[in-house]
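Asks: 3D, please:
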Amino acid sequence: MWRLFHPGWTLTTLYDQAGAVGRGLAEAGESELKASRRWPSESGLASRGWRAGAAVTRKIKRPESEVPGTSSTANGKMWGMDQGLAAVLGGCVGVAGTLGTGVLAYLAARHQVRDQGKAERKRLVRSERREAYRGFLKELSELTRDLDLLMLTLVGLQLDGATPEQWFEKMGACMTLSNRLKALKITSNDIMLAGPAEIALLVGPAIRGLDGEWGILHQAVCAFKWEREEQDQYESSRQAAAESISALGARASIILNSEDI
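Replies: Have a look, this model is predicted:
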């Protein structure tokens with residue numbers, strides 16, 4: 001410190017030297033501060049010569065990272081939190097969107113499968129009904145034809161004045177038709193199961209009409225005659241059977257061509 005009082009220095013030189021010494025002390029204190037990362041007390045700063053010399057004019061500030069409330073660390077944390085929150089919210093939106101898409105795809109696939117199942121069921125029901133209706137109507141038509149043929153045979157016997165033995169020979173044909181009628185009644189169960197109920201209600205009248213025709217023919221064979229009375233009864237029963245069969249066929253056609261199965 002004796003250099004501050006050199007006898008050959010002027011006052012200006014003295015101030016300059018004091019300023020240089022103060023700046024040196026300030027730089028040394030700042031280096032020490034950076035090394036230790038802690039701030040000394042005001043008395044400590046004065047003791048180290050931080051305020052030495054009038055040339056020490058700059059004011060040392062704490063870095064913003066060290067000032068409470070305004071630190072860059074806190075701001076960084078807040079910024080990091082904002083970014084993290086945004087990322088979480090974005091992830092949630094993404095997950096919700098993915099889940100929504102998945103749910104919609106699942107519902108669409110389920111709806112498609114359900115529609116395909118309904119269409120397949122309709123196809124199977126329609127196919128089963130078609131087979132049942134076709135077989136039953138075919139047997140009705142063939143029985144109607146064979147009953148008419150037997151009726152014409154009996155008319156021929158009546159006209160030819162056949163003997164009882166010749167009439168009795170037709171009993172075999174009559175019993176064959178009876179067996180076919182019994183088989184037709186069993187087959188009608190397929191119609192009732194295939195449905196619907198409205199078609200099942202039309203099966204009975206058709207079978208009863210043919211059964212009535214057969215009864216008249218069987219009675220004529222047993223009586224060995226076919227006269228006007230038997231002819232009128234047969235025509236009446238035949239007309240009723242034909243109307244029942246036509247109603248059954250028409251209703252079956254409507255059901256098979258309907259969208260509602």
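
Asks: Can you report how many residues neighbour Ala132?
Replies: Counted with other C-beta atoms under 10 Å, the neighbours of Ala132 add up to 21. C-betas here are computed from N, CA, C, even on glycine.

Asks: For the strand or helix carrying Arg126, the averaged confidence score.
Replies: Under DSSP states H and E, the secondary-structure element containing Arg126 is helix 72-160. On average, the pLDDT along helix 72-160 is 76.

Asks: got a list of contacts for the next helix or strand after that helix?
Replies: The C-terminal neighbour of helix 72-160 among helices and strands, as given by DSSP H and E, is helix 164-168. For helix 164-168, the external contacting residues (C-beta atoms under 8 Å, 6 or more residues apart in numbering) are Leu157, Val221, Phe224.

Asks: Contact partners for the first one?
Replies: Contacts here follow C-beta under 8 Å, 6+ apart; on that basis Leu157 touches Gln166, Trp167, Lys170, Trp226.

Asks: swap in the second one?
Replies: When contacts are counted by C-beta under 8 Å, 6+ apart, Val221 is found next to Leu154, Trp167, Phe168, Lys170, Met171, Cys174.

Asks: change it to 10 Å
Replies: If you count contacts by C-beta atoms under 10 Å, 6 or more residues apart in numbering, Val221 has them with 150, 153-154, 157, 167-175.

Asks: Neighbour-wise, which one of those residues leads?
Replies: Neighbour max across the contacts of Val221 (other C-beta under 10 Å) = Leu154, 23 neighbours.

Asks: so what's it closest to, chain neighbours aside?
Replies: Sequence neighbours aside, Trp226 is the residue nearest to Leu154 in space, at 4.2 Å (criterion: C-beta to C-beta, 6 or more residues apart in numbering).

Asks: Tyr234 now?
Replies: Per C-beta to C-beta, 6+ apart, closest to Tyr234 is Ile216, 4.8 Å.

Asks: Any idea how many residues pack against that neighbour?
Replies: 22.

Asks: same question for the helix or strand where it lies, mean pLDDT?
Replies: Using DSSP H and E, Ile216 falls within helix 197-223. If you average the pLDDT over helix 197-223, you get 94.

Asks: what's the following helix or strand after that helix?
Replies: Downstream of helix 197-223, the next assigned helix or strand under DSSP H and E is helix 228-256.

Asks: Return the set of buried residues in that next one.
Replies: Buried positions in helix 228-256, judged by neighbour count with 16 or more other C-beta atoms under 10 Å: 230-231, 233-234, 237-238, 240-242, 244-245, 248-249, 251-252, 255.

Asks: do the same with stretch 139-156
Replies: For stretch 139-156, a neighbour-count test (16+ other C-beta under 10 Å) marks Glu139, Leu140, Leu143, Thr144, Asp146, Leu147, Leu150, Met151, Thr153, Leu154, Val155 as buried.
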